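Q: Any chance you can model this:
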Amino acid sequence: MWAQMATRRLSFLFVRSYCSEGPQSSVRFDDERVQNYISLLNGRDFNKVFSLRKGEASLPKFKLMNREMVKKAYFDTMKRCEERLKPPPVVEQRKDLGEEISTDPKLKDFDDSKWVFTDISMGIEDKDRYIVVREPSGTLRQATAFERDRLCQTYMPAPGRKIWLPTLLTKEELPYALKRVNVLHILDLVCAQCPPDSPDYIRVQETAYEYVRSQGLYSELYSTKHYGGLIWYLVQKDKLLGLIGFLVSKEKLGDVEILVKLYCLVHPDTATESIQELTGEEMVKSFCEHKGYLTILDSLSKENDSSSEPVTATDTV
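A: Now for the predicted structure:
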């Protein structure tokens, strides 16, 4: 009997993680090379990074500084800027558990309601907490992802997070919210409300990125912590036409080259290997020819001829 209980306990320990099944990408978002490319691509617009938000207004402070103090203040500001621009984690969607642990026929119809048992010990991450549910049928099972979020927020509330998903982020309201509310606010809100492996978090994030792509609103996320996630999404989905057009229109050809290198890292094949051997504008042109981005090639040709301003590509596919 004790051996059976121990086996069941070990089985429960093994399956209670949030890891999802399925094929794993060879290059992940937290790869050091990916993070370096994303850091280089994101701008350092101090006015945007340190812009005042609701509830942050304060009186300005003036200081007299010598050159050494100014240099130190600049490096301190750069450090705070890097911290604010650090992108939220991108992880796979967790597996919705709810798997059956055991069934006790003697407990069938013992109550009309479910009984939930939650480990509320301090110092444990929410994803590692034991949360099990006893059904009226007598079945003991693991809590589902939705139940875990509600219970963890009930007993160990995260600052600024609500038990129920805000209406703004629901599947029905999100398309309308994106048209009325700044997309940056939507992304900030979902980061505060949902863990990064939550189905709602991934759904809202991808919907927002698609809206940015379809509307060409890349400047809204440029020099923010969400720009890296946008780049990663577009690279993964192979939807770079609009972003490259935006960078070319801003005369950021160096950024396009870095973006191409990131794409080649994530999608290695014979064609990308030959592209990686090139540099500068030749690399960009070769990549655009490979992908069929004719509008970008036309824009680069016009730039070289100095006959007109760069043309922004519209990505509607």
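Q: Tell me the bridge partners for Thr118.
A: When bridges are assigned using DSSP bridges, the partners listed for Thr118 are Ile131.
Q: Now do the same contact list for it.
A: Contacts for Thr118 were tallied using Cβ atoms under 8 Å, 6 or more residues apart in numbering; they are Arg129, Tyr130, Ile131, Leu151, Tyr155. For every residue, glycine as well, the C-beta is placed using N, CA and C.
Q: which two in those residues are spaced the farthest apart?
A: Distance extremes for the contacts of Thr118: the farthest pair is Tyr130 and Tyr155 at 12.3 Å, using Cβ to Cβ.
Q: and the contacts of Thr118 as a markdown table, adding distance to Asp96?
A: As requested, the contacts of Thr118 are exported to a markdown table (distance: Cβ to Cβ, whole Å):
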| residue | distance to Asp96 |
| --- | --- |
| Arg129 | 16 |
| Tyr130 | 17 |
| Ile131 | 13 |
| Leu151 | 15 |
| Tyr155 | 20 |
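Q: Just the buried ones out of the residues you listed, please.
A: In these, burial by neighbour count holds for Arg129, Ile131, Leu151, counting by 16 or more other Cβ atoms under 10 Å.
Q: Give me the pLDDT for the first one.
A: If I follow you right, that is Arg129. With respect to pLDDT, Arg129 has a value of 87.
Q: does it really touch Asp119, like I thought?
A: Yes. Judged on Cβ atoms under 8 Å, Arg129 makes contact with Asp119 at a distance of 4.8 Å.
Q: So in the protein, where's the weakest helix or strand by average pLDDT?
A: Here the helix or strand of the chain ranked lowest by mean pLDDT, DSSP states H and E is helix 2-15, holding a mean of 40.
Q: immediately after it, which helix or strand?
A: Counting by DSSP states H and E, the element after helix 2-15 in chain order, helix or strand, is helix 32-41.
Q: what comes up buried for that next one?
A: Judged by neighbour count using 16+ other Cβ under 10 Å, the buried positions of helix 32-41 are Val34, Tyr37, Ile38, Leu41.
Q: for stretch 246-262, same thing?
A: Within stretch 246-262, the residues that qualify as buried are 246-249, 252-253, 255-262, counting by 16+ other Cβ under 10 Å.
Q: And the furthest pair within these?
A: Distances among these were taken as Cβ to Cβ; the most separated pair is Ser249 and Lys261, at 20.4 Å.
Q: where does Phe246 fall, helix, sheet strand or coil?
A: Here Phe246 takes the helix state, with states given by DSSP: H, G, I helix; E, B strand; the rest coil.
Q: Do you know the pLDDT at it?
A: 93.
Q: Tell me where the stretch 51-200 of the chain is predicted with low confidence.
A: Of all residues in the stretch 51-200 of the chain, those with pLDDT under 70 make up the ranges 52-58.
Q: how about the strands of it, start to end?
A: Using DSSP state E, counting those that start in this stretch, the strands assigned to the stretch 51-200 of the chain run over residues 100-103, 115-118, 131-134, 139-142.
Q: wait, His226 sits on Pro87?
A: Yes. With the criterion set as Cβ under 8 Å, His226 and Pro87 qualify as a contacting pair; they are 7.1 Å apart.
Q: who has more neighbours, these two?
A: The residue with the greater number of neighbours, taking His226 and Pro87 and applying other Cβ atoms under 10 Å, is His226; the counts read 24 against 20.
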